[in-house]
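**Q** Fold the following and give me the result.
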Amino acid sequence: MSSKNHSKYIIVGSGIAGLTAAVKLKEQNLDYLILEKQNRIAGTWKSHKYKNSIIEFGPNTVLNKSSELEKLIQIAGLQDMTLSSELKKNKRYIFKGLSFHEVSSNPLQILFSKLISLEAKLKILQEPFIKKADIEDESVYDFFERRFGKEVAQYLIAPALQGVWGGDIKQLNMQACMSSIKELEEKHSSVIKGFLQKKKTKKQIKSLSFKNGLEELCLKLGTFLGIENFQFSQELVDVKKENNLFKVTTNAKENNVYYCEKLILACPSFASARALKNFNTKLSEALAKIYYAPIFLSAFSIKEKVSSDFFNAFGFLNSNQGHFTLGSIFCSSLFEERKLEEENTLLSFLGGAKNPQILDFNKAELEKIAQEELQEILQNKISTQFTCDLIHSELIERAIPQYNNDYWQAQKIISSELTKEPCLALIGNYLNGVSITDTIENSSKLTKKLIENRGAMIET
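**A** Next up, the predicted model:
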């Protein structure tokens with residue numbers, strides 16, 4: 001075999017998970033190579049420049065809840081390019097019927113909202129007296145309906161998880177998606193009691209981004225790692241074991257076979273499933289069961305004046321069932337540095353697990369649907385007849401992994417099978433949390449285990 005195509009470590013994927021793993025390897029002066037199917041770094045992170053602002057066609061912000069994230073920012077040299085906004089100061093709305101309802105970061109403020117009825121509020125006050133239940137496969141909807149009632153589940157939790165997961169809370173698994181809330185019931189027999197007894201962190205939670213967008217973090221990390229350690233246009237096809245080495249094959253026309261002692265798959269679960277089919281059938285089948293919801297992102301500019309400070313917010317989530325639109329982010333309001341003169345930019349997201357039929361439409365049709373639904377939703381908030389001018393759109397056919405009951409069972413099999421493969425690590429947002437901070441922390445931890453020959457098993 002060519003020494004050029006032999007590395008101690010191979011990482012497949014140059015999104016934030018793969019880049020985090022590579023940083024850990026470089027810190028230990030270990031030999032590594034990153035294979036990337038695209039001709040660019042950053043995976044699904046795309047920061048679109050619009051005038052003197054940024055619109056994200058990927059994650060919009062990241063929370064300052066991770067020490068590993070802070071290290072990456074320092075390594076990338078972006079400390080002076082960081083934008084921040086206090087999370088609790090960013091208003092959020094839920095759109096129900098024809099009205100917008102402001103929701104607070106304090107969940108108990110729902111008692112003063114018109115979003116739910118008096119009967120539903122009385123149901124919330126009864127929550128501390130409801131007996132806990134040990135239901136392993138309980139859905140998010142069933143958990144909140146059981147403890148807080150149908151209105152809270154339908155009008156507060158359902159839209160909230162549309163924003164994070166693009167998910168259907170009747171399918172999402174409570175333990176997998178919201179384990180910290182589930183633990184409050186287990187430890188205190190009540191979510192409300194547990195919430196009131198939790199020690200508040202002194203650190204202010206902030207939303208972060210960078211002057212040129214979140215994609216800049218990946219690009220700077222790529223520069224730090226060195227372009228010579230990347231091979232682009234190398235889509236993973238097959239993984240085998242040969243002479244105690246991993247043989248990694250890609251779809252490139254030439255230079256498409258690589259060997260390594262340890263392998264890190266930082267690509268989506270469906271890509272890993274396809275490549276591992278001949279390596280570990282059971283692991284491959286479990287990975288293939290993880291469903292990814294489609295998302296269509298469409299950015300618009302609204303130049304008409306608004307009757308109030310409505311747009312001075314993070315955005316809104318849609319609780320109405322008749323729309324493909326799950327919600328919209330007010331991009332030019334997220335950070336002071338991105339505000340525009342006499343103009344607001346919004347990013348609508350459509351589809352998700354509840355509306356997978358968006359894949360039946362072409363891009364132009366989806367842009368029209370997004371535009372018409374946004375105009376319908378906002379018609380009572382704009383002082384004049386207004387237009388939404390299209391800026392850019394992106395369709396991500398498999399965007400967000402869904403932690404439903406099938407996923408919960410698949411994860412157990414994945415963890416079990418990985419105990420047999422101590423030189424293989426799987427990292428990404430389909431394991432132990434979809435957030436950026438979860439992905440970074442998990443990638444760092446599993447890479448460290450792999451370096452120390454402890455086997456990079458995921459936690460269940």
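**Q** Leu297 contacts Gly351, doesn't it?
**A** No. With contact defined as C-beta atoms under 8 Å, Leu297 does not reach Gly351; the gap is 9.4 Å. (Glycine included, C-beta is placed from N, CA and C.)
**Q** joint contacts of these two?
**A** With contacts taken as C-beta atoms under 8 Å, 6 or more residues apart in numbering, Leu297 and Gly351 have no neighbour in common.
**Q** which residues touch stretch 108-119?
**A** 94, 96, 99, 101-104, 121, 124-125, 151-152, 155-156, 192, 195.
**Q** same thing but 6 Å
**A** 94, 101, 121, 151, 155 (C-beta atoms under 6 Å, 6 or more residues apart in numbering).
**Q** start to end distance for it?
**A** Terminal residues of stretch 108-119 lie 15 Å apart, using C-alpha to C-alpha, to the nearest Å.
**Q** With stretch 58-77 instead?
**A** One end of stretch 58-77 sits 22 Å from the other (C-alpha to C-alpha).
**Q** What residues of that stretch count as buried?
**A** 58-62, 64-66, 68-69, 71-73, 75-76 (16 or more other C-beta atoms under 10 Å).
**Q** so how far is stretch 375-391 from its chain's centroid?
**A** Here stretch 375-391 is found 28 Å from its chain centre; the criterion is C-alpha atoms, centre = their mean, to the nearest Å.
**Q** go on, stretch 165-173?
**A** In terms of C-alpha atoms, centre = their mean, the centre of stretch 165-173 is set 13 Å apart from its chain centre.
**Q** got the end-to-end distance for that stretch?
**A** 12 Å.
**Q** Can you tell me what sits against that stretch?
**A** With C-beta under 6 Å, 6+ apart, stretch 165-173 has contacts from 139-141, 157-158, 161, 293, 295, 352-354, 400, 402-405, 408.
**Q** still on that earlier bit, what is the most widely separated pair among the contacts of stretch 108-119?
**A** Within the contacts of stretch 108-119, Ile94 and Lys121 form the most distant pair, 15.5 Å apart (C-beta to C-beta).
**Q** Of the two, give the one with the bigger neighbour count.
**A** Ile94 (23 against 17; other C-beta atoms under 10 Å).
**Q** The host helix or strand of that one packs against which elements?
**A** Secondary structure assigned from DSSP states H and E places Ile94 in strand 92-96. Contacts defined by 3 or more C-beta pairs under 6 Å, 6 or more residues apart in numbering; DSSP states H and E place strand 92-96 against strand 99-103, strand 315-318.
**Q** Tell me which of these sits most buried.
**A** Most buried of those by mean neighbour count (mean count of other C-beta atoms under 10 Å) is strand 315-318; its value is a mean of 25.
**Q** The helix or strand following that one packs against which elements?
**A** For strand 315-318, the following helix or strand on the C-terminal side (DSSP H and E) is strand 325-330. Judged by 3+ C-beta pairs under 6 Å, 6+ apart, strand 325-330 is in contact with strand 315-318, strand 344-351.
**Q** list the helices and strands the last one packs on?
**A** Other elements packing on strand 344-351 under the criterion 3+ C-beta pairs under 6 Å, 6+ apart are strand 292-302, strand 325-330, helix 363-378.
**Q** Switch these over to TSV; also include distance to Thr387 and mean neighbour count.
**A** Formatted as TSV, the helices and strands packed on strand 344-351 follow (distance: least, C-beta to C-beta, whole Å; neighbours: other C-beta atoms under 10 Å):
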stretch	distance to Thr387	mean neighbour count
strand 292-302	8	23
strand 325-330	16	25
helix 363-378	8	17
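**Q** nearest to Leu219, of those?
**A** Using C-beta to C-beta, the helices and strands packed on strand 344-351 put strand 292-302 closest to Leu219, at 20.1 Å.
**Q** any idea of the angle that closest one forms with strand 344-351?
**A** Relative orientation of strand 292-302 and strand 344-351, computed by axes from the mean of the first three to the mean of the last three C-alpha atoms, to 10 degrees: 160 degrees.
**Q** where are the low-confidence patches of the stretch 201-350 of the chain?
**A** Along the stretch 201-350 of the chain, segments meeting pLDDT under 70 span 201-202, 305-308.
**Q** export the helices and strands packed on strand 92-96 to a markdown table and tack on distance to Cys260?
**A** What follows is the helices and strands packed on strand 92-96, written out as a markdown table (distance: least, C-beta to C-beta, whole Å):
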| stretch | distance to Cys260 |
| --- | --- |
| strand 99-103 | 48 |
| strand 315-318 | 43 |
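**Q** Using the record's domain definitions, break this protein down for me.
**A** The chain breaks down into these domains under automatic domain parsing: 3-45+64-83+211-290+403-451, 89-197, 292-401.
**Q** would a markdown table of the ones you listed with distance to Ser53 be doable?
**A** Shown next, in a markdown table, are the domains of the chain (distance: least, C-beta to C-beta, whole Å):
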| stretch | distance to Ser53 |
| --- | --- |
| domain 3-45+64-83+211-290+403-451 | 10 |
| domain 89-197 | 16 |
| domain 292-401 | 4 |
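**Q** Quick one, which of the ones you listed gets closest to Lys51.
**A** domain 292-401 (6.2 Å).
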